[in-house]
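*Asks:* please work out how this folds:
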Amino acid sequence: MEILPTLEIDYQPGQKAEASVIWLHGLGADGNDFAPIVPQLKLSLDFGVHFVFPHAPSIPVTINSGFVMPAWYDIKQLDIDRHVDADQLKDSASRIHDLIDREIARGVDSNKIVVAGFSQGGAVSLEAALSYNKPLAGIMALSTYFATANAIKINSIQRSIPILICHGTQDPVVPESLGKQSQTTLQGLGFEPEYHSYPMEHAVCLEEIEEIGNWISRVLK
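*Replies:* Residues are numbered from 1 along each chain as shown. Okay, here's the model as predicted:
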């Protein structure tokens, strides 16, 4: 299978990248969606960080009347934490494994790689990172849900992986209850996710971006 097309940005252009952040967009967006955030992160690191923003393939999405749009997997009903195409989600996670492998081949240690995602992308990031076979730096799950919680095969090497969950208290697309449910499920599996909520809808805000920058700096140091 071909590797996913990506948009790639160096946080400090010209400086050797010793870490990478692979950041997945949400339904109907593409890799350009979160690229403008990179300069706002204010990372406190003395080495370069390479950001990889993959573009999801375009597929028919059932809840949007079958319209073809960029999506990591099909959503069959609005009860999005239970009615997703799990096979497509796992296939997308496998393609993120390929991107992680590519960063390692480029010279980045696996424990300096963060896998992040927003909404659909966050569901894939949880599946991809928790099932990966080398230690990773962390998982960032933004305005999302743990869609494969009941089917995931967690690799034991990820048992101590840092996890950041951020969610809007007024999110009408992915209700905050699903974010809190993800936190509870992960705690039940032995993880210690860090949880932050913000007075926003299905989006990101400046306070959240500041916290993301602080968290990335901590887990990559």
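*Asks:* what comes into contact with the longest helix anywhere in the chain?
*Replies:* Ranked by residue count, the top helix of the chain under DSSP state H comes out as helix 86-105. Residues outside helix 86-105 that contact it (CB atoms under 8 Å, 6 or more residues apart in numbering) are 1, 3-4, 6, 20, 22, 24, 50, 52, 54, 56, 59, 72-74, 110, 113, 115, 123-125, 127-128, 131-132, 134, 136, 147-148, 151. For every residue, glycine as well, the C-beta is placed using N, CA and C.
*Asks:* what sits against the residue nearest to residue 61 when sequence neighbours are not counted?
*Replies:* Nearest residue to residue 61, sequence neighbours excluded (CB to CB, 6 or more residues apart in numbering): residue 71, at 5.2 Å. Applying CB under 8 Å, 6+ apart, we find residue 71 in contact with 27, 28, 56, 57, 58, 59, 61, 120.
*Asks:* repeat that with 10 Å
*Replies:* Neighbour list for residue 71: 25-29, 56-61, 64, 85, 88, 92, 120 [criterion: CB atoms under 10 Å, 6 or more residues apart in numbering].
*Asks:* what about residue 168, distance to residue 144?
*Replies:* Computed as CB to CB, to the nearest Å, the residue 168 to residue 144 distance reads 11 Å.
*Asks:* for these two, work out which one has more neighbours and name it.
*Replies:* residue 144 (28 against 23; other CB atoms under 10 Å).
*Asks:* how close does the residue nearest to residue 61 get to residue 23?
*Replies:* From residue 71 to residue 23 the distance is 16 Å (CB to CB).
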